[in-house]
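J.: Okay, here's the prediction I keep looking at, along with the sequence it came from:
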Amino acid sequence: MLGSMSQHLRVLVGLLDDLSLKDTETRVANWLLKRCPQPLRTSEALSRTLAKFRDQKLLKVAGRAITITQPRKLDQLLRQHLGEL
């Protein structure tokens, strides 16, 4: 349990650093790269996740553009996954 709390704290400190020290473009690039250490494996998982979000009407994908259609519901999903709800 202590290890899990420590890991969560590291994530929160990293997020705080991202928000306070970097511009938006840098934060987004950092976020994408952190989640894509092996692009070939991850691209399939990313495609499935985007399709799932699209099926839930959370976003639309048109070519290279992603439009978040329901930001509040997407935020709620994020908070549930972080254990905040």
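T.: Received the coordinates, thanks.

J.: ok, L19 to P71 distance?
T.: As for L19, its distance to P71 is 17 Å (criterion: Cβ to Cβ, to the nearest Å). Bear in mind the C-beta positions are built from the backbone N, C-alpha and C, glycine included.

J.: Phi and psi next, for T67.
T.: With angles defined as degrees, to the nearest 10, T67 sits at phi -110, psi 120.

J.: which residues sit in contact with it?
T.: 59-61 (Cβ atoms under 8 Å, 6 or more residues apart in numbering).

J.: One more pass at 6 Å, please.
T.: Residues in contact with T67 (Cβ atoms under 6 Å, 6 or more residues apart in numbering) are K60.

J.: What's opposite it in the beta bridge?
T.: K60 (DSSP bridges).

J.: Now name the helix or strand holding the residue most central in space within the chain.
T.: The chain has W31 as the residue nearest its centroid, 7.2 Å off, counting by Cα atoms, centre = their mean. If you go by DSSP states H and E, W31 is part of helix 24-34.

J.: hey, C-alpha coordinates of the next helix or strand after that helix in CSV?
T.: Once helix 24-34 ends, the next helix or strand along the chain (criterion: DSSP H and E) is helix 39-55. Only the C-alpha atoms of helix 39-55 are listed here, as CSV (Å, rounded to 0.1, in the frame of the first residue of the first chain):
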residue,chain,number,x,y,z
PRO,A,39,5.0,2.9,-30.9
LEU,A,40,4.3,-0.2,-32.9
ARG,A,41,2.6,-2.0,-30.0
THR,A,42,1.0,1.0,-28.5
SER,A,43,-0.5,2.3,-31.8
GLU,A,44,-3.0,-0.6,-31.8
ALA,A,45,-3.9,-0.1,-28.2
LEU,A,46,-4.3,3.7,-28.9
SER,A,47,-6.5,2.9,-31.9
ARG,A,48,-8.7,0.6,-29.8
THR,A,49,-9.0,3.2,-27.0
LEU,A,50,-9.9,6.0,-29.5
ALA,A,51,-12.5,3.7,-31.1
LYS,A,52,-13.9,3.0,-27.6
PHE,A,53,-14.1,6.7,-26.8
ARG,A,54,-15.6,7.4,-30.2
ASP,A,55,-18.3,4.7,-29.6
